[in-house]
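Asker: Just need the structure, nothing else, for what follows:
(3 chains)
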Amino acid sequence: MQLQSVGKNILGRLTDSAESLKAFLFNYETPRVITVHNYRVGLIYRCVQLCIVTYLLGYVFMWEKSYQEFASVESSVTTKVKGILQGTVIGQKNRKDVWDAADFVFPAQETNAFFIATTVIHTVNQTQSECAEDPNVSRNGIICNGRRDCARGDVAVNGVKTGRCVPWNSTVKTCEISAWCPLEVDEPPSAPLLSSYESLTVLVKNHVAFPKFGVKRRNILDSINQTYLETCRFHPSNHPFCPVFSIKDIVKLAGEDFMETATRGAIIGFGIQWNCDLDFNIDYCRPVYAFRRLDDKDDQIARGWNFRYSRRSVDHNGKDRRDLIKLWGIRFVFNVSGRAGRFSAVNFLLTIGSGIGLLGLASLVCEFLLLTCVRPPHRNDLIQQKFCKV
Amino acid sequence: MQLQSVGKNILGRLTDSAESLKAFLFNYETPRVITVHNYRVGLIYRCVQLCIVTYLLGYVFMWEKSYQEFASVESSVTTKVKGILQGTVIGQKNRKDVWDAADFVFPAQETNAFFIATTVIHTVNQTQSECAEDPNVSRNGIICNGRRDCARGDVAVNGVKTGRCVPWNSTVKTCEISAWCPLEVDEPPSAPLLSSYESLTVLVKNHVAFPKFGVKRRNILDSINQTYLETCRFHPSNHPFCPVFSIKDIVKLAGEDFMETATRGAIIGFGIQWNCDLDFNIDYCRPVYAFRRLDDKDDQIARGWNFRYSRRSVDHNGKDRRDLIKLWGIRFVFNVSGRAGRFSAVNFLLTIGSGIGLLGLASLVCEFLLLTCVRPPHRNDLIQQKFCKV
Amino acid sequence: MQLQSVGKNILGRLTDSAESLKAFLFNYETPRVITVHNYRVGLIYRCVQLCIVTYLLGYVFMWEKSYQEFASVESSVTTKVKGILQGTVIGQKNRKDVWDAADFVFPAQETNAFFIATTVIHTVNQTQSECAEDPNVSRNGIICNGRRDCARGDVAVNGVKTGRCVPWNSTVKTCEISAWCPLEVDEPPSAPLLSSYESLTVLVKNHVAFPKFGVKRRNILDSINQTYLETCRFHPSNHPFCPVFSIKDIVKLAGEDFMETATRGAIIGFGIQWNCDLDFNIDYCRPVYAFRRLDDKDDQIARGWNFRYSRRSVDHNGKDRRDLIKLWGIRFVFNVSGRAGRFSAVNFLLTIGSGIGLLGLASLVCEFLLLTCVRPPHRNDLIQQKFCKV
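Answerer: Numbering: from 1, shown residues only, chains lettered A, B, ... in the order given. Predicted structure coming up:
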């Protein structure tokens, strides 16, 4: 008897479970609603919905493409500068020299940048010796009358004070320093000393990859043939995909005056942008070049761009000698940016989900309006129908 | 009387407010629903829900880990190349020299890159003088018959035309140029001139940080001891964490032929990837190395990788001399990428929220199905029960 | 008759359509709900809602500013090092030299980095010849007793074995190598050889741009005048916007001992962070500097930072000579990071949408609680009212 009852019980429960499962699987619950005929609330509801849908489709989907996933670019840039400059190098007997790329591109190779010297001052045959400090570069405290103005061992701008006070020129005496003498005459140039910049060109090779999508592109498009490559010059509208750039054109496209730029030096950003929609044909994935000056034309200190380096040698007496070279010039810094977008199911559905949540906003707004806007006679009806107490 | 009435009023309102607050706090509104017993709609509803939940849990959570917040990597790479090359340098009396890293790594230090010279052409003792332009490197217009073919002051490839027409060799005459003479003989090499590349190794030290999470890692794992460091060579499967790489192996792992690469030069990307799930033990946060050639093996112009630099000197007559050095070689460019992910409450909840919104999709679909699929006899019942007019 | 009927039909349908449209536009459907008076469920419902709203407003909106869209920074850094070092260079007759920036900054210009030499070893007048290999730098196998220990052509650390066994010093014999001889005496320095680091300063110019928002900033703020620029030194709290940094201060701020760092070399990260909330005044968008050592103080191999380069020359006999220079020093690597945020309608609404979806979580929880927590007498009522079968 008991076993039978237990069996019945279990059977009953299983039947119940089966029923529950059946109900769970095959029943669908639809909410009971009240249709309120109210012009204002109805219209507002549809308007809010329309706004949200328009915004979602138009802005979020079409414009922002939030159904895509994006990857940033990996890039490699190499450059080859060609051309000949003619010029006088200050400090070098005022000869007129012919310079080629191995002379005016310094250093010879850089990562994502290249520098072209436009003005050069040589200070040749400096040796470790003593001379009068330059009163033009030193801050106060270098012009002296006697030994007590020059504390031995103090650091001046160009060297270390020896303690003596010596004549700088016929009228001024300055502290003597132990330094590389003779000192450099640091006069900012009034014009670039090299000429014929027209012949300067740079070939830019940029290989990019979007590893996330397995896509590789290069700025020399497949449609470009060798003859075109050898003769073309970049022009933003006529030759937007020519990889050979005239240096003068770059400076002009950055909105700068070439002569002013070449005189004091400058840093110019060489932007290469790759914005690729991989949902379209890969051929539309092309570079866009943009140039802009990065430093400030009106900087208060250290305007423009220059730097010094030294060339050491040992003379036949075994004494160290040094040529100090100060270069002004234009430094081009590459900035390869860009992103590629491709349809992503996750982002698509997350956006849809968030959008549907947003549609709930319309209901929230209207529920509130309904309970405050509907006038008394209907209001009671509505409330009675809508709410039901337990 | 009036005061009493006002008091009652206020009291009444306060009571009302208290009632409202109580209702607001302690009442819960649950929607009234109709349970529709319809196999098709019920099944579809559960299926859509199941799909969404599976997708959310499986793909969004497990695979994409969208419950994490991510930070990108900050990196510092230093390298030390070791090894000895033996070779003949073109232009240098064909001596067989022994080169060490101070010779073939140029420049001595670079940010995120290093270059190893594999073929070298020296053009020694150039001076500023006049010589016949090389007809092999110049575009048309350099071969001449007389003075009128050579306009004085025109810029050629290697210098500036003097206006004279001089013999290049016994059969050809070209315009004379003012340049660094004698000119470089620019013949692409047929083989790399240095040998015994087997001994070349590079020690790579990569320190990375994820400042957002306060995590620092380095590619020399703590578990590696000094003996291992001194003898190991990187191998993708046997020694994946050895920081000493054979140059030959890198080129092979990039899928390139070493001899071809060394002859014409190349640019090889040295990828170090750090993908770290900080929800797990930090020890699993390890570098993965990958190598690929960045330039195009079949480039139409300027194939491979080479550059020139010059070494200046002054001879005993005070005349400038220059050695022009053209280097072919392999440039290795580091690309440290990676991201770390860690559980983020914000992202977790935003994803959940978006997912619940997405679940609303199931209701949207089924509401539509219900009102179109349910057949006439039930349909009227359903509509009567569901909708109630006010 | 038939035509009339067709006309009526169409008219009827049009009227129907018009009715439907009117219903669609002007009717609003509000769900019918049951108000359950249950303390527990009601309170839980409000609490969950409160938590979600607090979290959304407080954390997501205020703290994470997820209503903003963000853009990363584009940066250009230039540096100018000034100062004088006095020191003895090992290998150079132990003279006391005065070095300026053109000597101790090497290479003269780098992208996003600069290097200051603190210890220098010169090995002068090396020539391609033969000498005994240094047993201190070579791994085992270099100390020999006779010819058979030295296989001709084998690559040692500094050169290629000639096959001979020659005395290294009075007690030890090593294999002879063909190399640049005499070999460098590679003894790690016990102290930096240059002194008076106090005078070393670096002027850092950092121009940043957020191209997405069209915003440009520089680290030399507009409010800074020239007098201040010429005299100020960076201090984290007193002069946080002075762009002139004392080298010694940087090392100290990175938490390192200057003398230890200068002796063995180091790599120090020079962080410039731009975190800009463009919803506020642009003047609050200012750089924050941070310094930290990037390499590991306790590295097992190649501790610190040093590198070698060579200076080639040809002597009067036409023989190649080389000075090998080994530099220890501090390499400063710039790391400009930062992001700018600005109100974005898309992100604002997507966050709101996701938040409303999240509020649905409260309903989900409470629906479940309701059907499990409400006790039998009310439960039946509730279920009868809530569910209605069709």
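Asker: List the contacts of A:Lys82.
Answerer: Applying Cβ atoms under 8 Å, 6 or more residues apart in numbering or on different chains to A:Lys82 gives the contacts A:101, A:199-203, B:157. (Glycine included, C-beta is placed from N, CA and C.)
Asker: Please repeat the previous calculation with a cut-off of 10 Å.
Answerer: A:100-101, A:105, A:199-203, A:244, B:157 (Cβ atoms under 10 Å, 6 or more residues apart in numbering or on different chains).
Asker: show me where pLDDT drops low in the stretch 1-150 of chain A?
Answerer: For the stretch 1-150 of chain A, the stretches with pLDDT under 70 are A:1-3, A:88-95, A:139-140.
Asker: Run through the strands of it in chain order.
Answerer: For the stretch 1-150 of chain A, the strands defined by DSSP state E, counting those that start in this stretch occupy A:27-31, A:33-37, A:68-72, A:74-82, A:84-88, A:96-100, A:113-132.
Asker: Buried residues, the fifth one. List them.
Answerer: Buried residues in strand A:84-88, defined by neighbour count with 16 or more other Cβ atoms under 10 Å in any protein chain shown: A:84-87.
Asker: returning to what we had before: for the contacts of A:Lys82, which single residue is the most surrounded?
Answerer: For those, the largest neighbour count, defined by other Cβ atoms under 10 Å in any protein chain shown, is 27 neighbours, found at A:Val105.
Asker: any idea how far B:Tyr309 is from that one?
Answerer: 8 Å (Cβ to Cβ, to the nearest Å).
Asker: Could you tell me which residues make contact with A:Val53?
Answerer: A:355, A:358-359, A:362.
Asker: who in the stretch 101-250 of chain A is up against chain B?
Answerer: Contact residues (Cβ under 10 Å from any Cβ of the partner chain) of the stretch 101-250 of chain A with chain B: A:101-103, A:105-112, A:124-125, A:196, A:198-200, A:203, A:205, A:207-209, A:211, A:216, A:218, A:220, A:224-231, A:243-244.
Asker: ok, the buried residues of strand A:84-88 vs B:Gly7, which is closest?
Answerer: Distance to B:Gly7, by Cβ to Cβ, is smallest for A:Leu85 among those, at 99.5 Å.
Asker: Show me which residues of stretch A:215-224 are buried.
Answerer: A:215, A:217-220, A:224.
Asker: Could you pull up phi and psi at A:Ser66?
Answerer: Dihedral pair for A:Ser66: phi -80, psi 0, per degrees, to the nearest 10.
Asker: residues touching it, list them.
Answerer: Per Cβ under 10 Å, 6+ apart, neighbours of A:Ser66: A:56, A:59-60, A:341, A:344, A:347-348, A:350-351, A:354-355, C:346-347, C:350.
Asker: what separates A:Asn112 from C:Ile267, distance-wise?
Answerer: Relative to C:Ile267, and taking Cβ to Cβ, A:Asn112 is found at 20 Å.
Asker: Just the strands from the stretch 251-390 of chain A, written as ranges.
Answerer: Going by DSSP E, counting those that start in this stretch, the stretch 251-390 of chain A shows strands at A:266-277, A:287-293, A:306-314, A:320-343, A:387-389.
Asker: Run me through the strand neighbours of the fourth one, direction for each.
Answerer: Strands flanking strand A:320-343 in the sheet, each with its direction: strand A:68-72 (antiparallel), strand A:113-132 (antiparallel), strand A:266-277 (parallel), strand A:306-314 (antiparallel) (DSSP bridges).
Asker: quick one: that strand to chain centroid distance?
Answerer: 13 Å (Cα atoms, centre = their mean, to the nearest Å).
Asker: how far off strand A:68-72 does the helix ranked longest in chain A point, in degrees?
Answerer: Secondary structure assigned by DSSP state H gives helix A:345-373 as the longest helix of chain A. Angle, helix A:345-373 to strand A:68-72, by axes from the mean of the first three to the mean of the last three Cα atoms, to 10 degrees: 130 degrees.
Asker: What residues of helix A:345-373 count as buried?
Answerer: A:346-347, A:349-363, A:366-367, A:369-370.
Asker: and chain B, which of these reach it?
Answerer: A:346-347, A:349-360.
Asker: What parts of the stretch 201-350 of chain A come near chain C?
Answerer: A:267-269, A:271, A:273, A:290, A:292-296, A:299-302, A:305-314, A:316, A:318, A:320, A:322, A:324-327, A:331, A:333-335, A:337, A:350.
Asker: Which single residue in the stretch 101-250 of chain A comes nearest to chain C?
Answerer: Across the stretch 101-250 of chain A, no residue is closer to chain C than A:Val155, which sits at 4.3 Å (Cβ to the nearest Cβ).
Asker: Show me what that residue is bridged to.
Answerer: Beta-bridge partners, per DSSP bridges, of A:Val155: A:Val160.
Asker: That one is in contact with A:Lys161, isn't it?
Answerer: Yes - A:Val155 lies in contact with A:Lys161 (Cβ atoms under 10 Å); the separation is 7.6 Å.
Asker: about what we covered before: return a PyMOL selection command for the buried portion of the residues of the stretch 101-250 of chain A next to chain B.
Answerer: Of those, the buried ones go into a single PyMOL selection, burial set by 16+ other Cβ under 10 Å:
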select buried, chain A and resi 101+102+103+105+106+107+108+109+110+111+112+124+196+199+200+203+205+207+208+209+211+218+220+224+229+243+244
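Asker: Among the residues of the stretch 101-250 of chain A next to chain B, which ones are in helices?
Answerer: Per DSSP H, these map to helices at A:101-103, A:226-231.
Asker: Next, the contact list for A:Trp328, please.
Answerer: A:117-121, A:188-189, A:192-193, A:261-266, A:304-307.
Asker: how near is it to B:Cys181?
Answerer: 28 Å.
Asker: Then A:Arg331?
Answerer: Taking Cβ to Cβ, one finds A:Arg331 at 30 Å from B:Cys181.
Asker: Pick out whichever of these two has more residues nearby.
Answerer: A:Arg331 (23 against 19).
Asker: Need the pLDDT of the more buried one.
Answerer: Note for A:Arg331: predicted pLDDT of 93.
Asker: these two touch, right, it and A:Leu294?
Answerer: Yes - using Cβ under 10 Å, A:Arg331 and A:Leu294 qualify as a contacting pair, with a distance of 8.7 Å.
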